[in-house]
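> Give me coordinates for this.
(one chain, ligands or ions: 1)
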Amino acid sequence: MRINTPSSTLRDWRPDDACSLTKHANNPRIAANMRDGFPSPYTREDADRFISMAADRTSNLFLAIEVDGEAVGGIGIHRLEDVRLRSAEIGYWLSESCWGRGIATDAVRSLVPAAFEAFDIVRLEAGIFSSNPSSMRVLEKCGFVREAVHAKAITKNGVLLDEVVYVSFG
Ligand SMILES: CC(C)(COP(=O)(O)OP(=O)(O)OC[C@H]1O[C@@H](n2cnc3c(N)ncnc32)[C@H](O)[C@@H]1OP(=O)(O)O)[C@@H](O)C(=O)NCCC(=O)NCCS
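Numbering: from 1, shown residues only. I've put the predicted structure just below:
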């Protein structure tokens with residue numbers, strides 16, 4: 001898959017992205033806002049493992065965010081299971097060197113329609129840590145609605161946080 005946005009290209013991960021993935025993802029300021037499955041430190045082995053896993057499209061769609069020919073971030077859709085089969089989650093991260101240029105907003109805005117098309121979903125949600133106002137702002141700019149606050153639902157790096165749930169119905 002390849003989607004051109006005003007500030008980046010969203011495209012499949014490739015084995016030769018491992019070096020740039022390691023370079024940009026290895027940042028505790030990124031990991032602090034991600035679930036614990038996002039490694040910190042982020043090693044070359046983590047990058048190779050992720051890129052192999054991203055090739056399986058059964059329930060997930062993981063794309064690289066490419067800027068100036070380099071994979072500088074990632075955006076993904078994870079389809080939920082069982083009775084939540086028609087829901088999916090969206091997640092994303094971007095190299096700190098690229099923050100504040102609207103790149104994540106363009107990526108989310110462009111991927112949402114593709115996610116509803118790729119999977120038979122009626123609901124796309126994101127659970128944002130209460131310590132992450134910039135990600136909430138990204139979702140608000142993309143038309144997501146703040147649906148719920150799950151109090152004390154998150155423990156990240158030993159700190160108790162609320163989870164703010166944002167949703168798009170396509
Ligand atoms: C969250 C993240 C993806 C945002 O990427 P980005 O490309 O810098 O985002 P954008 O430039 O599109 O938009 C950021 C918005 O947040 C705003 N913002 C930044 N810091 C803020 C703060 N402390 N409080 C409120 N708003 C803030 C910006 O002003 C901008 O809004 P604006 O366009 O109305 O001015 C990036 O910071 C990141 O990768 N963070 C670490 C990982 C992460 O949080 N992932 C999301 C988890 S679901």
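
> Just give me the longest strand of the chain.
Within the chain, and with DSSP state E defining each element, the longest strand by residue count is strand 145-156.

> How about M136: what's its closest non-neighbour residue?
With CB to CB, 6 or more residues apart in numbering as the criterion, M136 has its nearest non-adjacent residue at 5.3 Å, and that residue is I128. Every C-beta, even on glycine, is put in place using the N, C-alpha and C of the backbone.

> Alongside the ligand, which residues does the protein contribute?
30, 33-34, 91-94, 99-105, 126, 128, 132-135, 137-138 (CB under 6 Å from any ligand atom).

> if I look at A151, how far off is D162?
Taking CB to CB, to the nearest Å as the measure, A151 falls 5 Å from D162.

> higher neighbour count, those two?
The neighbour comparison of A151 against D162 (other CB atoms under 10 Å) goes to D162, with 16 against 11.

> What's the separation between that one and E81?
25 Å.

> And the helices in this protein, which stretches?
Using DSSP state H, the helices of the chain run over 18-25, 28-31, 44-54, 103-118, 133-141.

> returning to what we had before: might you report the residue contacts of the residue nearest to M136?
S135, M136, L139, E163, V164, V165, Y166 (CB atoms under 8 Å, 6 or more residues apart in numbering).

> Done for today, thanks.
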